[in-house]
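Asks: structure for the following, please:
(2 chains)
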Amino acid sequence: MSQAWLPLVTLATSLLVVPLIFALPERAWGARTVLNLGAALLKVLLVALMVWGLYQGESFHFSFTVVQGVTFLLQVDALGLMFAGLSSLLWLATTVYAIGYLEDSPNRKRFFGFFSLCVASTVGIALAGNLFTFLLFYELLTLSTYPLVVHRGHTKALDAGTTYLRYTLTGGLMLLLGVVALHVMVGDVTFGEREMLADLGPDAHGLLTVLFLILLVGLGVKAALVPLHGWLPRAMVAPAPVSALLHAVAVVKAGAFGIVRLVYDVYGISLTYELGLLTLLAVIATITILYGSIRALAQQELKPRLAYSTISQVSYIVLGISLFGPFGTVAGLVHLMHQGLMKVTLFYCAGNYAEELGIHRIDELNGAGRRMPLTSIAFTVGALGMIGLPPVAGFISKWYLGMGAVQANMPWVIAVLVVSSLLNAAYFLPILYRLWFRPGPAHGVGEWPDERRLGRFETSGWLLWPAVATAVFSVMVGLLAGVPFSPLDLATFVTAEEYLP
Amino acid sequence: MIERLGLLIPASSESGDLGAVLSLLAAPLVMGVLASLWRPQHSWPVALLSLLPIATLALLAHQVLAADGQAWLIELGALTLHWRANGLTLLLLLLTQVVSLASAAYAPAYLRTEIGSHGGQVWLWPLQGLLLSSLSLIWLAGDLLSLYVGLELMGLAAVGLMLLPGRVDALAAGMRYLLLALVGSLAFLLGVSLLLGAWARLDLAGLAQVAEPGIVLWVSVALLSAGLLLKAAAFPLHAWLAPVHGSAWTPVSALHAALVVKGSFFIALQLWLVLVPDAQVAAWLVGAMGGTAVVWGGLLAWRSAKLKEVVAWSTVSQIGYLLLGFSLLIGTSPSVTAVAWEATWLQLAAHSLAKAGMFLATGNLIFSTGESHVKGLAGASRRMPLSLLSFGIAAISLIGLPPSAGFTAKWLLLHASLEAGYWLWMVALALGTLLSGAYIFRVFRYSFVEDAEPLDYRRVPWSMELFALLLALSSLLLGLVAEWPLSLLRPAGGGP
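Replies: So this is what the prediction gives:
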């Protein structure tokens, strides 16, 4: 049974919101809020429907011809649904957060318009059924995030925006060249038809390797693989909800998701292995993981430290898929979800500290746990998860990564994991120590940089509850990893499709 | 290739068939004259009346599509005119109608608010009508005489439109344009007379059969191309374009960049395909000119200080994409030609719609802020004016980002270049994308500045906003539904 409308409607929920938001006047706060939240809720519902349908064995297709030989194809598979689920869930949380965060600031209409467009692009990326459609939304994502990055409009933000565009437009161009080349070779590259390239035979292997590298550069820019990561720390000047979205679902994750698609659904894991490209991926991922962690250690401000930590953490996904064998695949895919949940929590918390207490530097955090207990607990959960402590989600990722390394017969990866976990601990534990154990303004020592009492609780409810919710989710997906519909279950589902003929 | 141009369609004997064509050619002219008598104050009567020529086009399309192309022979004493229409002709006619409709409907509010009573605004309407009629003649013509008449009338109408503002800079730019247009026409006329002297006929289908490679053919094609490429602002004959646009009225600039340069390009490409279909090396050279134009135009647009100059230089760069078509269509394998054929026409349509939309949007931005410099836009996005959005949407197509028609066209161009093995063209396309990204986002960067002094905004009349937005949106959406217009190109050409 095939239903065309469901993926289309899911895409339309956020796409159609865009003109509506632009049509509303700037001061129509209430209407905009209802519109944003309504669309976000509706999308979570629709994605849930598709997950249900997929488990029932239904398939969802929507396609039309763009030009001869090129089709626009929306298609639902387990991998895409994982990403769509992540983005719809985090969109809901981030919308709530952004409404609170941007209260009384100028240009909210512009912000929410492009914000919705950005989410529409991620859903498009998730549901894209072939390389052409993927490319379409991948580029749309670049366009829609630029106004968000430069939102503040000061020189630093504008410069960051320019850097961002330099990297992403060039990356997009590389991707375009690679996709067109593949298209000339084999026609429309539909995800899931892996035999296409494998059937070309050994003569084409040289060319395929070159194309893989071109595509990898195109995707690696967004995934912030070293040395293509330069834009990410600078894009930190964007407002906190944007950073959260950029790091957890939108840009960085779109790049990582693209690499997953490239390896599993375009080339196929066997062909990638045959071409020797998995080892290359593992090496790049290792370098990125270690480099990101070391740079994170050197940062004195909270958001840049989180930014470098993202560079390192996203490469776990790449490392996971570079391990040939089911466990590695599960690890990579499940981390796609877990990292999103944990990182978004951390960014919400960083935003809360900045908004409520004016804290930007790590050494200003002393004793903040007493002043803002819920935020700090959420931060702690996220940080411990990143280090990989059970029962938070990050533990599951690292456990499967380790097993994958053994299965792929690459024991050195375990050493990388140990070193990286130690580095993670080295840059997160001092923060936790300051939060909970160092006396600060809350104990009568010194003063907060810029304290505002934003709400009844420790801060405004709009800011607090999203952070708490995602923290709870991070623990839940770790604790309930074995339950149906959990990220681990979905990842196993995808892996079974990949390795079983 | 000649069958794709529809030149081999046998002429029908009945003279009654001519009705639709003649009314299509006459309608804009008549309406232009009428509009100068009763000057329209609002855009709705203009838009409503512009539906009339579109209706005649629909009638023609009905006839042509039913017969899979149609051709007419018109005897005027000793002269015989050959006209034809196929899917391509219909598409070009439709494009012309749509762009002129938008530009004409934009004009009343523009004249009322921006120009006032001075300037020769009575002449705008008949000149626009003449331009539209002559362009339609160019798309329909199948012989060199009709083409020459169409080209001359189009050139004169364009010069007239450029001179309308009546200011010194407009007069200077307009006169320079007139001079160039005359030189171009002279070269064209010389080429035509050489051909006529050598083979004693002017119909393209006949010439394609009798013309033999040799010095006469080469010299005449060189003369014809030089004249046409000068008019099309092809690199390196492009220098006149930016000053002309700087001083012209906004709807005139839109018409000129979107359609007039395309008319010359179309004739040039058609003549090459008919007369020298195997001149691979020469076509490659034209392609190389195109590649250089892409890069050079992009660089100059990036450096321009004024908004209108950015848009004008981007035309030079975009015409370069079209010139690549020469090399991909001539002397390449059939599978490459099939892709390049669609790429060329889609690029032409994409650029026309996007550039016309962008000129109108730029006019609005200048109108509302009173600033003609890029720097003057500082902080413009705070008000989120609709014109900035229209500008951005048109820009997406010019840069060639999805889902715009510009993107789909670039995809096809890349496809054709790769298949033909022209690596250099891929480099040119890539550089063109990056450069156009650079000059567009330079404009946007200024618009996002927050700490600028607040600008003194004038409210833009809604009709001016609307038609800029509609054109921009059409260039964006055409990318996804490109299959429909492109499918018209196929059956009418008769097989691959």
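Asks: burial count for residue 89?
Replies: I'll assume chain A. Other residues lying near A:L89 total 23 when counted by other CB atoms under 10 Å in any protein chain shown. The C-beta positions use only the backbone N, C-alpha and C, and glycine is treated the same way.
Asks: that's the wrong chain, I wanted chain B
Replies: There are 25 residues near B:T89, going by other CB under 10 Å.
Asks: what's it in contact with, if anything?
Replies: Counting by CB atoms under 8 Å, 6 or more residues apart in numbering or on different chains, B:T89 touches B:G6, B:V64, B:W139, B:L140.
Asks: can you tell me which helix or strand it belongs to?
Replies: Taking DSSP states H and E as the definition, B:T89 sits inside helix B:87-110.
Asks: the bottom helix or strand of the chain by mean pLDDT?
Replies: Reading this off chain A. helix A:195-198 (a mean of 76; mean pLDDT, DSSP states H and E).
Asks: beyond that one, next helix or strand please.
Replies: On the C-terminal side of helix A:195-198, the closest following helix or strand by DSSP H and E is helix A:205-223.
Asks: next, the buried residues of that following helix.
Replies: A:208-209, A:211-212, A:214-223 (16 or more other CB atoms under 10 Å in any protein chain shown).
Asks: restrict these to contacts with chain B.
Replies: The subset of the buried residues of helix A:205-223 within reach of chain B, counting by CB under 8 Å from any CB of the partner chain, is empty.
Asks: if I pick the residue of the stretch 51-200 of chain A found nearest chain B, what's in contact with it?
Replies: Nearest residue of the stretch 51-200 of chain A to chain B, counting by CB to the nearest CB: A:G153, 2.7 Å away. By CB under 8 Å, 6+ apart, the residues touching A:G153 are A:N107, B:G379, B:F448, B:V449, B:E450, B:D451.
Asks: buried among these? Need that as a selection in ChimeraX.
Replies: Per 16+ other CB under 10 Å, the buried members of the contacts of A:G153 correspond to this ChimeraX selection:
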select /A:107 /B:379,448,449,450
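Asks: export the contacts of A:G153 to JSON lines and tack on pLDDT, distance to B:T369 and secondary structure?
Replies: As requested, those are exported to JSON lines (pLDDT from 0 to 100; distance: CB to CB, whole Å; DSSP: H, G, I helix; E, B strand; the rest coil):
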{"residue": "A:N107", "pLDDT": "82", "distance to B:T369": "17", "secondary structure": "coil"}
{"residue": "B:G379", "pLDDT": "78", "distance to B:T369": "10", "secondary structure": "coil"}
{"residue": "B:F448", "pLDDT": "85", "distance to B:T369": "15", "secondary structure": "coil"}
{"residue": "B:V449", "pLDDT": "85", "distance to B:T369": "13", "secondary structure": "coil"}
{"residue": "B:E450", "pLDDT": "79", "distance to B:T369": "16", "secondary structure": "coil"}
{"residue": "B:D451", "pLDDT": "77", "distance to B:T369": "17", "secondary structure": "coil"}
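Asks: can you dump the C-alpha coordinates of the least confident helix or strand of chain A into CSV?
Replies: C-alpha atoms of helix A:195-198 as CSV (Å, rounded to 0.1, in the frame of the first residue of the first chain):
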residue,chain,number,x,y,z
GLU,A,195,23.4,-2.4,-6.9
MET,A,196,23.5,0.5,-9.4
LEU,A,197,27.0,1.6,-8.7
ALA,A,198,28.3,-1.9,-7.7
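Asks: which parts of that helix are buried?
Replies: A:M196, A:L197.
Asks: by contact count, what packs against that helix?
Replies: Applying 3 or more CB pairs under 8 Å, 6 or more residues apart in numbering or on different chains; DSSP states H and E, we find helix A:195-198 packed against helix A:155-186, helix A:269-274.
Asks: mind telling me which of those helices the model trusts least?
Replies: Lowest mean pLDDT of the helices and strands packed on helix A:195-198: helix A:269-274, a mean of 88.
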